[in-house]
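Trainee: this is the structure alone, sequence omitted:
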């Protein structure tokens with residue numbers, strides 16, 4: 001068994017509003033700082049540590065956990081699962 005760190009990033013799909021990102025951007029605009037920033041999108045990240053036989057199994061197991069627990073809404077969320085060997 002190998003220990004893997006698995007990062008699950010959950011963000012809104014394109015076209016879905018992101019009020020938190022828009023608020024942060026508006027604060028930058030109002031302050032007049034960082035004028036080169038034109039868009040900010042927020043996301044949530046979950047970090048798992050899991051022992052599995054290989055990288056693919058670790059990825060599919062974490063994806064299964066997220067699906068089973070309904071951690072995200074597939075209608076509005078885009079999920080990315082990245083696996084790193086510990």
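Mentor: Now that the structure is in, tell me what you want to look at. Since the structure is predicted, the reported quantities are computational estimates derived from the model, not experimental observations.
Trainee: check residue 86 and give its pLDDT.
Mentor: Note for residue 86: predicted pLDDT of 83.
Trainee: ok, it to residue 48 distance?
Mentor: Note on residue 86: its distance to residue 48, by Cβ to Cβ, to the nearest Å, is 11 Å. Glycine gets a C-beta too; all of them are placed from N, C-alpha and C.
Trainee: now do the shared contacts for these two.
Mentor: Between them, residue 86 and residue 48 share these contacting residues under Cβ atoms under 8 Å, 6 or more residues apart in numbering: residue 5.
Trainee: quick one, strands of this structure?
Mentor: Using DSSP state E, the strands of the chain run over 2-12, 43-52, 77-85.
Trainee: need the residues that contact the shortest one.
Mentor: Where contact means Cβ under 8 Å, 6+ apart, the residues beyond strand 77-85 that reach it are 2-13, 55, 58-59, 62-63, 66, 72.
Trainee: again with the first one
Mentor: Outside of strand 2-12, the residues that reach it under the criterion Cβ under 8 Å, 6+ apart are 18, 41-55, 58-59, 62, 66, 71-72, 76-86.
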